Every structure is written in C-alpha cells, then in structure tokens.
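Novice: Okay, predicted coordinates and the sequence, questions at the end:
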Amino acid sequence: MEGLRSVSVIIPTLNEEGCLKEALAQFERSPHSGLEVIVSDGGSSDSTVSLAEEAGVRVLTGTPGRGEQMDRAAEEAHGEVLLFLHADTILPKRWRLHMERAFSRRGVVAGAFSLGIDSPSPWFRVVEFVARQRARHLGLIFGDQALFVRKDVFLSTGGFRGLPLMEDVDCVKRLRRVGRVALLDESVLTSPRRWTSGGATKNTLKNWLFLLLYRSGVTPARLYRWYYR
C-alpha cells in the first residue's frame, strides 16, 4: 500500500466515560489529515456519548455487542484502512507510520500492535510476554492490541460477523486465509482494569479457559452468556 491516505479509527463503547476523553485526545485531526474517528456506542447510560460529541468525532449508536458495534461502524467508515481501538487503550507515537510500514511488507492485509499494560506490576510484564508469544507463534491476536486492516479486505472476509465474544480471534483467523497479519514490535498501552477486576491471576486463567472452550467448538453466543453470567 502506497502510504495511508485515509484511516478510520473505530472505538466501541459502553459506559466508558472514565477513559474515553483520554483515548480521543491522542488524535490530532485536521481537514487534510485523512483521519476519521468513530465512536460506536452500544447504549451507554453515562456521559460517554456526550463526551464523544463534544470532542467532535462521529458517533454511531445502536444495540450493544462489541462485534456488532464495530461492524456497524466499519460499514459507514470512509477510511481505506480501519483501526479498531478499545476505549481504554493508547496507541504508540507515530502509530500511523508504523501501520504504513507494516502494509509495505509483501502480502500484509492487516496487523496489530504488541500488548503493553499500564501498570508497574511485574505480573503484567509476564502477561505482556505471554501475549507476544501467543500472537507470534499461535497467531492469536486480541482486540486490546489495536487490530488494523484494509477496509475492503475486512468487509470481503465477513468482518467481526457481529459476534459478542471472540470476535477478534475469529476475524484474524479469516484474515490469515487471504494474506499476512503483521505483529508490530511497537506496543499499545492499555488499562489493567480487565485483569485487576476480580484478581489478575483469576482473570488471566478465565480468559485462557474461554479461549480453550472457543477453540473446542463452543459458540461465541454461549461463551458470552457464561462469561457475563
């Protein structure tokens, strides 16, 4: 790909008022930047939507479900490249240049950053290391790594198929059938909240268990009911 003429950053939200402002502040937009930011909300009851509107980004609203929210935004996005970003995640500096270099590699249709967790705890250095090995050797890339993909490829391979859970793993698996998915050395910085809520070790084991169940054939809809029960 010759440069990145236009990029659409898609942020799925549901009651993210605590972190959305910082997530949006990292983007400098101008009429000629070719950068579009879309907040796809799933029915927030807090100030998430108003914060997004105040920031001047596009806001889409609809039913909850991360896969469905991101698919909805992808259909309406104007960018030739889509970047899916969690609301509690900060991209590395010069992230657009890193994406451009990834697409310049032969056969690359998508990519993701390495995982970085915003905590000094040594435990999270272990989590980051395991995540890197998981992505590099097993091809398992999760949404907190800021997946980016050419829009035409994303749509032609089915997107996230509206899945409520494991939508990222499922999507990457299908993307790998049509081209390479690059893993960048540069890291995003994401909040530790999904590990620390209920205990970091417990949540890590829970995530691996659900990944195992998914790979064993349990449907994402059933996993979603179990996960949030």
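Specialist: Perfect, thanks for sending it. Please read these numbers as outputs of a predicted model, since none were measured by experiment.

Novice: where in the chain is pLDDT low?
Specialist: 1-3, 30-32, 198-200, 229 (pLDDT under 70).

Novice: Could you pull out the strands in it for me?
Specialist: 7-13, 35-41, 58-61, 81-84, 89-90, 108-114, 148-150, 180-187, 189-190 (DSSP state E).

Novice: Given the fifth one, what are its sheet partners and their directions?
Specialist: Within its sheet, and counting by DSSP bridges, strand 89-90 is paired with strand 189-190 (antiparallel).

Novice: what's the answer for the third one, then?
Specialist: Pairing partners of strand 58-61, with direction, according to DSSP bridges: strand 35-41 (parallel).

Novice: Excluding chain neighbours, what is closest to residue 183?
Specialist: The shortest distance from residue 183 to any non-neighbouring residue, by C-beta to C-beta, 6 or more residues apart in numbering, is to residue 135 (5.1 Å). The way it works is simple: take the backbone N, C-alpha and C, and place the C-beta from them, glycine included.

Novice: Give me the neighbour count for that neighbour.
Specialist: A count of neighbours around residue 135, defined by other C-beta atoms under 10 Å, yields 20.

Novice: The one 3 residues further on now?
Specialist: Using other C-beta under 10 Å, residue 138 has 10 neighbouring residues.

Novice: that older thread, what sits against the residue nearest to residue 183?
Specialist: Neighbouring residues of residue 135 by C-beta atoms under 8 Å, 6 or more residues apart in numbering: 112, 114, 115, 141, 145, 183.

Novice: Go again with 10 Å.
Specialist: Residue 135 sits next to 112, 113, 114, 115, 141, 142, 145, 172, 181, 183 when contact means C-beta atoms under 10 Å, 6 or more residues apart in numbering.

Novice: about what we covered before: nearest to residue 28, out of the strands of the chain?
Specialist: Ranking the strands of the chain by proximity to residue 28 (C-beta to C-beta) places strand 35-41 first, at 8.0 Å.

Novice: Now do the helices in the chain.
Specialist: Counting by DSSP state H, the segments of the chain that form helices are 20-25, 48-54, 66-76, 95-103, 122-138, 151-156, 167-175, 193-196, 200-215, 220-227.

Novice: who wins for proximity to residue 83 among the ones you listed?
Specialist: Residue 83 sits nearest to helix 95-103 of all the helices of the chain, at 7.3 Å, using C-beta to C-beta.

Novice: and for that closest one, what are the contacting residues?
Specialist: Under the contact criterion C-beta under 10 Å, 6+ apart, helix 95-103 has outside partners 1-4, 7, 9, 26-27, 33-35, 81, 83, 85, 91-92, 94, 108-113, 146, 148-150, 180-186, 188.

Novice: go with 6 Å
Specialist: With contacts defined as C-beta atoms under 6 Å, 6 or more residues apart in numbering, helix 95-103 is touched by 1, 4, 108, 111, 148, 182, 184, 186.
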